[in-house]
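> generate coordinates for the sequence data below:
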Amino acid sequence: MNEDITAEKVLLIGPEGEQIGVIPVGQALSIAREADLDLVVVGDGSPVPVCKVLDYGKYKYETHRKKAESRKKQKTVELKEVQIRPSISEHDLSVKCRAISKFIEAGKRVKLVLRYRGRELSHKEVGQMVMTKILEYCQEFAKEETPPKLEGSAMIAILAKK
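All right, here's what the predicted structure looks like:
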């Protein structure tokens, strides 16, 4: 900004948005001072930096406001995690399924994690059957965003609202 610009020549854009051309930095600074504005580098990627004559305080305020506005409009989808084991009982399984349905109805995505310990990993089919039961139960109100897959010692699936 202003005297901090180290390049010898800059591509200048005037206060009204018109392109003035490639001129020495001193001349660009004098144009900015005449308009009682600041000389700000807006593009530094090319061999000749692009500078614009503008009110820096106003520019900074507007960019901050735009960022805040975009953050406000952004919808964050929460990811809830439900952990189970291959040796889960029927009642516990139904409790977990009810919890999943509550999360899905609340508009959240659910990460279903089936953890294997020790020798359970050698019997992956047991965990696969448990995962299939849960997915069949959830089929009415949820869809599989990612199908179950084994990652290390855990089988992971992600469910989302239909």
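
> the strand or helix carrying residue 57 - what's its average pLDDT?
Counting by DSSP states H and E, the element that carries residue 57 is helix 56-73. Average pLDDT, helix 56-73: 90.

> buried residues, the following helix or strand past it. List them.
The element immediately downstream of helix 56-73 (helix or strand, assigned by DSSP H and E) is strand 79-84. Within strand 79-84, the residues that count as buried by 16 or more other Cβ atoms under 10 Å are 80, 82, 84. Yep, even glycine has a C-beta here, placed from its N, CA and C like the rest.

> can you pull the pLDDT of the second one?
In this model, residue 82 is scored at 95, pLDDT.

> that one and residue 151: what is the separation?
16 Å (Cβ to Cβ, to the nearest Å).

> got it, and the last one?
Using Cβ to Cβ, residue 84 is found at 15 Å from residue 151.

> neighbouring contacts of the helix holding residue 57?
Applying Cβ atoms under 8 Å, 6 or more residues apart in numbering, the contact partners of helix 56-73 are 1, 37-38, 40.

> ok, and the closest non-adjacent residue to residue 50?
Closest residue to residue 50 apart from its sequence neighbours, by Cβ to Cβ, 6 or more residues apart in numbering: residue 43 at 3.5 Å.

> so the one you found sits against residue 12, correct?
No - between residue 43 and residue 12 there is no contact under Cβ atoms under 8 Å: 11.6 Å.

> who's more crowded, these two?
residue 12 (24 against 13; other Cβ atoms under 10 Å).

> now do the SS call for the more buried one.
strand (DSSP: H, G, I helix; E, B strand; the rest coil).

> spatially nearest residue to it (excluding sequence neighbours)?
residue 20 (4.2 Å).

> okay, and that neighbour sits in which element?
Short version, using DSSP H and E: residue 20 is in strand 19-24.

> in the protein, which spans are helices?
For the chain, the helices defined by DSSP state H cover 25-34, 56-73, 90-105, 124-138.

> number of residues surrounding residue 162?
Residue 162: 10 neighbours (other Cβ under 10 Å).

> who are the contact partners of the closest residue to it other than its chain neighbours?
Distance criterion Cβ to Cβ, 6+ apart; nearest residue to residue 162, sequence neighbours excluded, is residue 143 at 5.1 Å. Counting by Cβ under 8 Å, 6+ apart, residue 143 touches 159-162.
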